[in-house]
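A.B. asks: Compute the structure for the input listed below.
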Amino acid sequence: KREAGEFKVDALEKARASVRKREDEVLAKEGDLNRRIMEAERDLAKSKDLAFLQKQNKELEFRMKKVDEKNALLNDREIALKEATQELERLRKEVGHVDES
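C.D. replies: Modelled structure (predicted):
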């Protein structure tokens, strides 16, 4: 009887050790899965941030293109104004020479 009791205690301890080992394995896998989930969530957040920044960048590029177009128009107007001013000065000189004559 005593040996049977010791056998049962030994078997019970082995079963408990096996269960503890299995629990440790499950906890390790759960920890690994949680770590991987957190990494995936971080990657997703980065990808959303990246998509947002790419959209913002496209909008800024469009606005810069518009600014460049307006700048080109202003440069054209400035050149035309300088040419008109030079023509006006030339005409004033011609008129001045005519008045002197």
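
A.B. asks: next one: whichever strand or helix holds N75 to chain centre, how far?
C.D. replies: Under the criterion of DSSP states H and E, N75 resides in helix 2-100. Here helix 2-100 is found 0 Å from its chain centre; the criterion is CA atoms, centre = their mean, to the nearest Å.

A.B. asks: With stretch 84-101 instead?
C.D. replies: On CA atoms, centre = their mean, the centre of stretch 84-101 falls 61 Å from the chain's centre.

A.B. asks: what pLDDT, on average, does it get?
C.D. replies: Computed over stretch 84-101, the mean pLDDT rounds to 84.

A.B. asks: Could I get the CA-only coordinates of it as PDB?
C.D. replies: Taking Å, rounded to 0.1, in the frame of the first residue of the first chain, the C-alpha atoms of stretch 84-101 are listed here in PDB:
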ATOM      1  CA  ALA A  84       7.300  99.800 -70.300                       C
ATOM      2  CA  THR A  85       9.200 102.100 -68.000                       C
ATOM      3  CA  GLN A  86      12.200 102.100 -70.400                       C
ATOM      4  CA  GLU A  87       9.900 102.900 -73.300                       C
ATOM      5  CA  LEU A  88       8.300 105.700 -71.400                       C
ATOM      6  CA  GLU A  89      11.800 107.100 -70.600                       C
ATOM      7  CA  ARG A  90      12.800 106.800 -74.200                       C
ATOM      8  CA  LEU A  91       9.600 108.600 -75.300                       C
ATOM      9  CA  ARG A  92      10.200 111.400 -72.700                       C
ATOM     10  CA  LYS A  93      13.600 111.900 -74.000                       C
ATOM     11  CA  GLU A  94      12.300 112.100 -77.600                       C
ATOM     12  CA  VAL A  95       9.600 114.600 -76.600                       C
ATOM     13  CA  GLY A  96      12.200 116.600 -74.600                       C
ATOM     14  CA  HIS A  97      14.400 116.800 -77.800                       C
ATOM     15  CA  VAL A  98      11.400 117.800 -79.800                       C
ATOM     16  CA  ASP A  99      10.600 120.600 -77.300                       C
ATOM     17  CA  GLU A 100      14.100 121.900 -77.300                       C
ATOM     18  CA  SER A 101      14.100 122.100 -81.100                       C
END
